[in-house]
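# have a look; sequence and predicted model below, questions after that.
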Amino acid sequence: MILSSALFFILGCSPVHKQMQPSTADITLLQKFKPAFAVALYNTTVDVAGNHLSGLLLIKKMPDSSTRMVFSNEMGFSFFDFEFAADGSFKVYSIIKKMNKKSVIKTLRHNFELILMNNLDNSKAIIKTDSGQLYFIFPQNKGYNYYITNSDGTELVRMERASDKKIIVEAIMQNYINGIPDTIGISHKTFEFNIGLKRIER
Amino acid sequence: MNKLILTILILTAGFVSNAQYAGYNPVADLAKFKTAFAAATQKTTSIKSDFTQEKNLSLLSEKIVSKGNFWFKKDSRVRMEYTTPFKYLMILNKDKVYVKDGAKETKVSTKSNKMFQQINKIMIDCMQGTMLDNTDFKTRVFENKSAALIELTPVTKGMKELFKSINVVVDKKDYAVLSIEMLEISGDNTIMRFTNKELNASIPDNLFDIK
């Protein structure tokens, strides 16, 4: 499986994006899109399998360089508190019983890791181009994270998490102000699960 | 000597675990308090107020402060409108809940949504003064010269999973709620303080309409 995946990339024929060609673009172009969260609060909506809920997501960079994410409802009741450590490890500080399922935590972890852009190993990155867009591809333990920019790498068009066969998640980060995106969207392609974040000025 | 220190520490820990609240003493005559509380809340038909909510994230050293307006009208109707730094509207009307976040409107029956059912019950109990009868909680009451603190400790499994305790402070002058503090299992807490209260103000019924 690993070999076949590697071959797909070497030959420029990712099963997800079949028409890509190799690019000589500079990998460091991507760095400026990594969100510089010091502390940010987002109005949050979650639509999952016909259910809608809203709340507030607080994202804070901690002194030990880890990133904490706390999601609560508007009345203050916390749903979860996650830590994304600088070394790539992950910790659940708290989560309500209803959400405390391995699959839910894993999905949320991967979603947020895609937008945090932590631990992207440039030495393993593959850069391709297709239809006037640059594809910065980072192999993960399972699948790939794609960061797709315009042709000169000045605008982040979208992000994707994909398996060998299909796109699983699409995400956007837009309207950066002082390095922090004002709008973040996460949309699952295999089932109805969408997260929308809009930054709140405090 | 070490044994003595240990004994003192154990005794001190015992005191801490049974700690009362700074500035408050246990209510001497609970029956009298309950009667006065029930009589006062009986007279309150409506409450109009502003509120400030502060969520304290202890491990993150962060506070999330929000503000808004609050209306209560007997029986069992509450309207909470967060105005800053975000817009959020929640109307509780008997067993129905209406929520508007951004452009999205949601209507829920508390019969089908346990969390809203619990929020509804706590909020209505606090306003109608019936929290001392709520069997989901064990209650302790403390007081000082001007206020009473009602500590609600969950006894039911569902509530225990959500809260460590809920502390409601009422003004002894009119027994109206001054603040509601929700202490979570994680150590975080949220306190909602009510200001600019008007008791028995005329509040139009349609403020609580859920269409």
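Received it, and whenever you're ready, just let me know what you need. Residues are numbered from 1 along each chain as shown, chains lettered A, B, ... in the order given.

# list the contacts for B:Asp75?
B:Asp75 sits next to B:94, B:128 when contact means CB atoms under 8 Å, 6 or more residues apart in numbering or on different chains. (Each C-beta comes from the backbone N, C-alpha and C, glycine too.)

# you'd agree it is in a helix?
No: B:Asp75: not assigned to a helix; according to DSSP: H, G, I helix; E, B strand; the rest coil it is coil.

# which residues touch stretch B:135-142?
B:20-21, B:24-27, B:30, B:33, B:118, B:121, B:131-132, B:148-156, B:158-159, B:166.

# going through these, which ones are buried?
B:24, B:27, B:33, B:118, B:121, B:131-132, B:148-154, B:159, B:166 (16 or more other CB atoms under 10 Å in any protein chain shown).

# Provide the secondary structure category for A:Pro35.
Strictly by three-state DSSP, A:Pro35 counts as coil.

# which among the contacts of stretch B:135-142 are in contact with chain A?
Among those, proximity to chain A is found for none (CB under 8 Å from any CB of the partner chain).

# quick one: A:Asn145 and A:Ile167 touch, right?
No: shown here, A:Asn145 and A:Ile167 do not form a contact pair, counting by CB atoms under 8 Å, at 11.3 Å.

# of these two, who's got more company?
Using other CB atoms under 10 Å in any protein chain shown as the criterion, A:Asn145 and A:Ile167 rank with A:Asn145 on top: 21 against 18.

# coming back round to it: now for A:Asn145 and A:Ile167: what residues contact both?
A:160-161.

# does stretch B:50-63 reach chain A?
Yes: using CB under 8 Å from any CB, stretch B:50-63 reaches chain A at B:53, B:55, B:57, B:59-60, B:62.

# among these, name the ones in strands.
By the criterion of DSSP state E, membership of those in strands covers B:53, B:55, B:57, B:62.

# would you list these in JSON lines and tack on distance to A:Asn118, neighbour count and pLDDT?
What follows is those, written out as JSON lines (distance: CB to CB, whole Å; neighbours: other CB atoms under 10 Å in any protein chain shown; pLDDT from 0 to 100):
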{"residue": "B:Gln53", "distance to A:Asn118": "32", "neighbour count": "20", "pLDDT": "98"}
{"residue": "B:Lys55", "distance to A:Asn118": "26", "neighbour count": "25", "pLDDT": "97"}
{"residue": "B:Leu57", "distance to A:Asn118": "21", "neighbour count": "23", "pLDDT": "94"}
{"residue": "B:Glu62", "distance to A:Asn118": "20", "neighbour count": "16", "pLDDT": "95"}
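
# and of these, the nearest to chain A?
Distance to chain A, by CB to the nearest CB, is smallest for B:Lys55 among those, at 4.1 Å.

# the closest one and A:Ala162, how far apart?
Between B:Lys55 and A:Ala162 the computed distance is 37 Å (CB to CB, to the nearest Å).

# again with A:Ile105
Distance from A:Ile105 to A:Ala162, by CB to CB: 21 Å.

# ok, those two, which is more surrounded?
The neighbour count for A:Ile105 versus A:Ala162, taken as other CB under 10 Å, is higher for A:Ala162 (21 against 16).

# my read: that one touches A:Ile148, true?
No: counting by CB under 8 Å, A:Ala162 does not reach A:Ile148; the two are 11.2 Å apart.

# returning to that earlier point: if we only consider the buried ones among the contacts of stretch B:135-142, which is nearest to chain A?
The shortest approach to chain A among the buried ones among the contacts of stretch B:135-142 belongs to B:Gln118, at 9.8 Å (CB to the nearest CB).

# list the contacts of the closest one.
Here B:Gln118 is in contact with B:136, B:158-159, B:162 (CB under 8 Å, 6+ apart).

# correct me if wrong, but it is in a strand.
No: assignment of B:Gln118 by three-state DSSP gives helix, placing it outside any strand.

# let me see the contact set for the closest residue to chain B within chain A.
When scored by CB to the nearest CB, chain A has A:Gly76 as its residue closest to chain B, at 2.9 Å. Contacts for A:Gly76 were tallied using CB under 8 Å, 6+ apart; they are B:53, B:55, B:64, B:182, B:190, B:192.

# quick one: the second one from B:Met90, how far?
Counting by CB to CB, the gap from B:Lys55 to B:Met90 is 16 Å.

# same thing with the fourth one?
Using CB to CB, we find B:Met182 at a distance of 15 Å from B:Met90.

# cool, the last one as well?
As for B:Met192, its distance to B:Met90 is 13 Å (criterion: CB to CB).

# so A:Leu57 is in contact with A:Leu41, correct?
Yes: counting by CB under 8 Å, A:Leu57 does reach A:Leu41; the two are 7.3 Å apart.
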